[in-house]
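Peer 1: just to be clear, the model below is a prediction. Sequence and coordinates:
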Amino acid sequence: MTPALVLLAGLLAAAVPPGTGYEVARATAAPSALLAAEEAAWAGTRAIEWGPPTYATRFRAAWSDEGLFLRFDATDPSPWHTMTRRDEHLWDEEVVEIFLDPDRTGRDYYELEVNPANVVCDLRMVSPWPDKKGDIDWNLAGLETRVHARGTDGGAPGWTVTAFLPWRGLRSLPSASKVALPPKPGDAWRFNVFRIERPGGKASPEKDAVFAAWSPPSVQSFHDAGAFRDLVFVGASR
């Protein structure tokens, strides 16, 4: 685990009480409005936030009979990237990430990463740390993502990611084949969300790198299944 990750794990452990999960509300807006990051479309969804203020990340989610909608708002004064092809090793640059563990086993879970240029890396994680294995050739069929610039109206600079994960695409994920799709209200998966920020830029990507997890891992990797928390599908906005 890098020094930055160790530091953030210590700082954030107190911010995420043990047993805390996330309730995913039913979507009440059109998919196009959710993917466009319209604030009215995301009203009523719960927000969680983590990381240092300069690089704070905010996450929200909603679900429908068709799939799961995700939103990340990343505060970032100078986002950057060099990678432009799907399934490149985006974690070596700047990304937001989510791990989804439908059957709660910590195996065969879904990993999605998106960078500031809307380049995607997604894969099936066969097993977590310490025997970390992934199938990067597995892609979620029907996945849609968008990236929107922030700060043009005088607000905090950064970037917003929205994504749509269709249930029909998730059906081929081994862990998702064991659960109801679409989920039923009250169903609980496991998940975690992350942010990698590299303020050193293209010239020095390792300098002062920040590895921030909403639920901090206790091992030398984000892929700590023991740090995953409940993702509970509820029937209405709260």
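Peer 2: Sure, I can see it. Numbering: from 1, shown residues only.
Peer 1: give me the element the residue nearest the centre of the chain is part of.
Peer 2: Residue closest to the mean C-alpha point of the chain, counted by Cα atoms, centre = their mean, is I98 at 2.6 Å. Using DSSP states H and E, I98 falls within strand 95-101.
Peer 1: residues touching that strand, excluding its own?
Peer 2: 57, 59, 70, 72, 74, 91, 109-115, 121, 125, 161, 165, 175, 189-196, 222-223, 225, 228, 231 (Cβ atoms under 8 Å, 6 or more residues apart in numbering). No exception for glycine: its C-beta is placed from N, CA and C like everyone else's.
Peer 1: and the helices in the protein?
Peer 2: Here the chain has its helices, by DSSP state H, at 3-13, 31-35, 167-170.
Peer 1: identify all contacting residues around the shortest one.
Peer 2: Where contact means Cβ under 8 Å, 6+ apart, the residues beyond helix 167-170 that reach it are 66-68, 102, 110, 140-143, 176, 181-182.
Peer 1: next one: the second one
Peer 2: With contacts defined as Cβ under 8 Å, 6+ apart, helix 31-35 is touched by 27, 40-42, 62, 64, 66, 69, 71, 144, 146, 162-164.
Peer 1: and those residues, which of them are in strands?
Peer 2: Counted as lying in strands by DSSP state E, out of these, are 62, 69, 71, 144, 146, 162-164.
Peer 1: distance between stretch 87-101 and the chain's centre?
Peer 2: Mean-position distance between stretch 87-101 and its chain equals 8 Å (Cα atoms, centre = their mean, to the nearest Å).
Peer 1: would you mark the buried spots in that stretch?
Peer 2: 87-88, 90-91, 93-101 (16 or more other Cβ atoms under 10 Å).
Peer 1: which stretches of the protein form strands?
Peer 2: Counting by DSSP E, the strands of the chain are 22-26, 48-50, 57-63, 67-75, 95-101, 109-114, 120-127, 133-135, 144-150, 158-166, 188-197, 210-213, 229-233.
Peer 1: same for the second one, what does it pack against?
Peer 2: With contacts defined as 3 or more Cβ pairs under 8 Å, 6 or more residues apart in numbering; DSSP states H and E, strand 48-50 has these neighbours: strand 57-63, strand 188-197.
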